[in-house]
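K.L.:
Sequence first, then the predicted structure, then my questions.
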6 protein chains.
Amino acid sequence: MSDDAHGDPPASTGQQPVGDLTHVRPDGSAHMVDVTGKAETSREAAAQAVLTTRPDVVARLVDGTLPKGEALGTARIAGIMAAKQTPALIPLCHPLPLGAITVDFETDGADTGAEEASVTVVARVRTRGVTGVEMEALTAATVAALTLFDMVKAVDHLAVIGDVKVLEKSGGKSGAWSR
Amino acid sequence: MSDDAHGDPPASTGQQPVGDLTHVRPDGSAHMVDVTGKAETSREAAAQAVLTTRPDVVARLVDGTLPKGEALGTARIAGIMAAKQTPALIPLCHPLPLGAITVDFETDGADTGAEEASVTVVARVRTRGVTGVEMEALTAATVAALTLFDMVKAVDHLAVIGDVKVLEKSGGKSGAWSR
Amino acid sequence: MSDDAHGDPPASTGQQPVGDLTHVRPDGSAHMVDVTGKAETSREAAAQAVLTTRPDVVARLVDGTLPKGEALGTARIAGIMAAKQTPALIPLCHPLPLGAITVDFETDGADTGAEEASVTVVARVRTRGVTGVEMEALTAATVAALTLFDMVKAVDHLAVIGDVKVLEKSGGKSGAWSR
Amino acid sequence: MSDDAHGDPPASTGQQPVGDLTHVRPDGSAHMVDVTGKAETSREAAAQAVLTTRPDVVARLVDGTLPKGEALGTARIAGIMAAKQTPALIPLCHPLPLGAITVDFETDGADTGAEEASVTVVARVRTRGVTGVEMEALTAATVAALTLFDMVKAVDHLAVIGDVKVLEKSGGKSGAWSR
Amino acid sequence: MSDDAHGDPPASTGQQPVGDLTHVRPDGSAHMVDVTGKAETSREAAAQAVLTTRPDVVARLVDGTLPKGEALGTARIAGIMAAKQTPALIPLCHPLPLGAITVDFETDGADTGAEEASVTVVARVRTRGVTGVEMEALTAATVAALTLFDMVKAVDHLAVIGDVKVLEKSGGKSGAWSR
Amino acid sequence: MSDDAHGDPPASTGQQPVGDLTHVRPDGSAHMVDVTGKAETSREAAAQAVLTTRPDVVARLVDGTLPKGEALGTARIAGIMAAKQTPALIPLCHPLPLGAITVDFETDGADTGAEEASVTVVARVRTRGVTGVEMEALTAATVAALTLFDMVKAVDHLAVIGDVKVLEKSGGKSGAWSR
């Protein structure tokens, strides 16, 4: 869970001088910032991760003939379950009851003559809470992509995960934002 | 944990015909493949993830003035702890007693006039076991990078994680491999 | 946590046509359904699981002379702790702050001349939340029963767990329901 | 993980007198019994759980039109992941590196005119370790069945899980056993 | 999470007769007490744990030259993450969304001629919830101290952790309390 | 899991010069030290934690009349389960398959006229592995004591946990050691 008390600047903001950061502790030590005074609002975030591999491997991801079996459904469940573990993985995230999670896949270039093909994982998370859910969406997308990697690595050790980023968010004092 | 019974092809291999994959179940269902007959050997893997953000943000990552406090040490611990949770995150990974984990950071372009700067996270994992540790190294690097993202997002929502990949591995029947 | 937006039909209902299920995604993929718009109400559910074994084994469950030691108290704690892990075990369950959990046991047929005897585990869970707690009650009852099985299996490998079901629930838009 | 130092009696054995149970502590307290002196051998166990519901519901389980989406693949992953959490759920189980896990489904009576239909979940677990894996197989089968219940409860609150039992095991000093 | 329905007596109270304890179940069995009817208020608790070791070891804790590396930052993150796991560790604690966690260290006697020196860990936890957070603060302080122990044990097996206690709490029906 | 490559000095050793610590990384960063080259041996450790409270409270701990119910059995299970979570709690501990865990209690001063009474928790852990189990024993004893605190805090907020220490260990290159 993110904490937008100091988390919803305009995304294109310039550098904030340290003196402005009331949430920085004097000794610079890590801490979970205080969100107990913030109002609950509906919040949503979407994030993505992209697995790049060979076209024939993407084809096999889709048709379910990889060594470990059916890949997309397995990665979807892994992503959904990982979103719920976000505060146990990211040390300074706040626990937050998640209200909805979806994980979707879009493939590009499977079985073409191209040198590369890709699977884009898009995760969406919604909550009614005191802080945003970007980290939950990022964690879902990333763990789903790692699960795909685990399933293709026997046939392509050179696969790469990239372009992991927040796509959009809404709710909180900064309102809706889209990349 | 990976399973190189079918996991150590030459990394540059072409497409494996389905008929060759003795580990594919007839109905294509997902499963944890059997590694009980494999010999224990020393195994090591290294993987990376790269966080790209603004130069001033990388500078603050390094000097510890981000809103949530000291970033690199926090991300290091997050990565080490995540490596140990790999089989709980990646559904078809085997549990494996990890013998050593390190997570290191290299920054590039901090406080320069460039438009972008980056932090490269490199995770190394060693074990003495029946299968490889690429997924553990990838999980450590990725969760460390997500933790960095969590700490910079208040000052840069546009940060991106990319170039997540295995750098090298050794041990197992396929021997040493380097990207 | 269950999600009764689509979860509180009359229990004796006939088949719902697919067209009515607004929570089914077009591609049929698994997802955590959205409960963020639902009102918080007090909710309670009770569920049971029954372990069937030999009369002498039930007697030893009760008097604490099984190889692994005191059984009922151990199973009770296992059930309570498992209820709290429900969203980490059941992929599409929502996390929910549980407000009360009890696990109780009733034995039948111990030390009789009958061929079989049983222990019925009844778990009750209460919350104030946006969706029901049947899955938490079922998980508590089931894990408590598995813990009993673990403790009796050294003396009876033939023990069976059955009749795992929701006994009653209240709260939510469908009101109170009892089997 | 089970511990067959005292765990592999003939399954049909009669009552063991307390005096024979060298693993019972004098005060009857619960404890994880000592398996450090046992030899590692290949071990396997299979267990089942059966979900009973209406024929039309089983049909929808299979064709993927339940409110939460694709059910069998989701339950399979839930079962595999739960097997790996067995020592965290069952208090006196030993941690054990699992070498293979499969979860399969067989349906009976879908879309018939019968009053009831069922899905049988069969889980198989293999390891090379010092004690048996019945509890892991039982946990996988049970959590997969609970996941199915979670997916059908919106259309059938009266579904029941039963006939949860060990089907067969091999390895350890007691050798192969089949129900 | 504590539950002050019966949890906020004057700290100096004498013995409560059993008859007064409406939360004791007739059979004395363990249970998570019901907090669903309690009002949400802002709550805070602070707790400490003290590690006592040799002066030269405290000096090395501070200057980061222990065998496992940088100690205080590592222990801080361990404490923060453990606070979030409190309901998974302490069987009868309620899950509660934590709103803020800090862990601080004070050293005493490092590099002096004294026989002993110490590190005091102070953890503070805040929430807006139905029950108190003493257990979360105690868990954070204790796990941070255990992490310090883990890092010094290679150079001092005789280190001791003590004086683990609640320092103060506020919120709930009993109001503010300080030791 | 401890790592006695650098972990088995004579317990009464003096200060080790930094130059001797081959496991210290040049930049002082935290890391899981490498135990992959170490031999597996039988290892055991015992540790304790002491809860100090009022005599009447110890009496109620023993007779099971505390608000949350039966205390000693609950704390025992909490300690055993926590030992298995040690590598998930203590960042630099290695995962290790535990072979035996016991948790015992000794009370002192219950129902006497003394001002204070205490419960001493003693945890013993055994394994066959590459490194020691002091941290597992300490974690078991500490979490069991915290569980007792959770159960007595409604009647004594002033309770204190102290004297947390390793009592003895055996196995590994340093052989048997007793405090």
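P.N.:
Received it, and whenever you're ready, just let me know what you need.

K.L.:
quick one, helices of chain A?
P.N.:
Using DSSP state H, the helices of chain A run over A:55-63, A:72-84, A:86-89, A:134-152.

K.L.:
Pick the most deeply packed of these.
P.N.:
helix A:134-152 (a mean of 30; mean count of other Cβ atoms under 10 Å in any protein chain shown). Just so you know, the C-beta spots here come from the backbone N, C-alpha and C atoms, and that holds for glycine as well.

K.L.:
Remind me what it packs against, helices and strands.
P.N.:
strand A:41-53, helix A:55-63, helix A:72-84, helix A:86-89, strand A:98-108, strand A:117-129, strand A:160-170, helix B:134-152 (3 or more Cβ pairs under 8 Å, 6 or more residues apart in numbering or on different chains; DSSP states H and E).

K.L.:
Quick one: the ones you listed as CSV, columns for distance to E:Leu92 too.
P.N.:
Shown next, in CSV, are these (distance: least, Cβ to Cβ, whole Å):
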stretch, distance to E:Leu92
strand A:41-53, 32
helix A:55-63, 45
helix A:72-84, 22
helix A:86-89, 20
strand A:98-108, 25
strand A:117-129, 26
strand A:160-170, 37
helix B:134-152, 31
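
K.L.:
In JSON lines: the ones you listed, plus mean pLDDT.
P.N.:
Below are the helices and strands packed on helix A:134-152 laid out as JSON lines (pLDDT from 0 to 100):
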{"stretch": "strand A:41-53", "mean pLDDT": "97"}
{"stretch": "helix A:55-63", "mean pLDDT": "94"}
{"stretch": "helix A:72-84", "mean pLDDT": "98"}
{"stretch": "helix A:86-89", "mean pLDDT": "98"}
{"stretch": "strand A:98-108", "mean pLDDT": "96"}
{"stretch": "strand A:117-129", "mean pLDDT": "96"}
{"stretch": "strand A:160-170", "mean pLDDT": "97"}
{"stretch": "helix B:134-152", "mean pLDDT": "98"}
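
K.L.:
ok now do the residue nearest the centre of chain A, which residues does it touch?
P.N.:
The centroid of chain A falls nearest to A:Leu138 when counting by Cα atoms, centre = their mean (1.2 Å). When contacts are counted by Cβ atoms under 8 Å, 6 or more residues apart in numbering or on different chains, A:Leu138 touches A:47, A:49, A:123, A:164-166, B:146, B:149.

K.L.:
out of those residues, what pair is the most spread apart?
P.N.:
Using Cβ to Cβ, the two most remote members of the contacts of A:Leu138 are A:Ala123 and B:Phe149, lying 14.3 Å apart.

K.L.:
quick one on the thing from earlier: got the helices of chain A as a markdown table, with distance to A:Thr127 columns?
P.N.:
Below are those laid out as a markdown table (distance: least, Cβ to Cβ, whole Å):
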| stretch | distance to A:Thr127 |
| --- | --- |
| helix A:55-63 | 30 |
| helix A:72-84 | 10 |
| helix A:86-89 | 11 |
| helix A:134-152 | 8 |
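
K.L.:
now the nearest residue to A:Thr36 once chain neighbours are set aside: how far from A:Pro87?
P.N.:
Using Cβ to Cβ, 6 or more residues apart in numbering or on different chains and skipping residues adjacent in sequence, the residue nearest A:Thr36 is E:Gly99, 3.5 Å away. Noted for E:Gly99: a distance of 12 Å to A:Pro87, by Cβ to Cβ, to the nearest Å.

K.L.:
Burial check on A:Thr65, number of neighbours?
P.N.:
18 (other Cβ atoms under 10 Å in any protein chain shown).

K.L.:
That one reaches B:Asp27, doesn't it?
P.N.:
No: using Cβ atoms under 8 Å, A:Thr65 is not in contact with B:Asp27, being 11.3 Å away.

K.L.:
returning to what we had before: closest one to F:Ala82 among the helices of chain A?
P.N.:
helix A:86-89 (15.6 Å).

K.L.:
Please see if the closest one touches chain F.
P.N.:
No: Helix A:86-89 lies out of reach of chain F by Cβ under 8 Å from any Cβ of the partner chain, never closer than 8.7 Å.

K.L.:
Could I get the contacting residues of the residue lying closest to A:Ile77 once chain neighbours are set aside?
P.N.:
Ranked by Cβ to Cβ, 6+ apart and with sequence neighbours excluded, the top spatial neighbour of A:Ile77 is D:Ile77, at 4.5 Å. Shown in contact with D:Ile77 (Cβ under 8 Å, 6+ apart): A:73-74, A:77-78, B:30, B:91, C:91.

K.L.:
Spatially, which two of those residues are the most separated?
P.N.:
The widest separation within the contacts of D:Ile77 (Cβ to Cβ) is 13.1 Å, between B:Ala30 and C:Pro91.

K.L.:
Report how many residues lie close to the residue nearest to A:Thr36.
P.N.:
E:Gly99: 26 neighbours (other Cβ under 10 Å).

K.L.:
Contact partners for it?
P.N.:
A:34-36, A:94, A:130, E:126-128.

K.L.:
separation between it and chain F?
P.N.:
Going from E:Gly99 to chain F by Cβ to the nearest Cβ, to the nearest Å gives 21 Å.

K.L.:
residues near A:Leu158, how many?
P.N.:
16.

K.L.:
tell me which parts of chain A are close to chain C?
P.N.:
A:42, A:73, A:76-77, A:80-81, A:84-85, A:95, A:97-104, A:126-128.

K.L.:
can we see that at 7 Å?
P.N.:
With Cβ under 7 Å from any Cβ of the partner chain as the criterion, chain A meets chain C at residues A:42, A:73, A:76-77, A:80-81, A:84, A:97-102, A:126-128.

K.L.:
tell me, what's touching E:Gly99 and A:Pro87 both at once?
P.N.:
Common neighbours of E:Gly99 and A:Pro87 (criterion: Cβ atoms under 7 Å, 6 or more residues apart in numbering or on different chains): A:His94.
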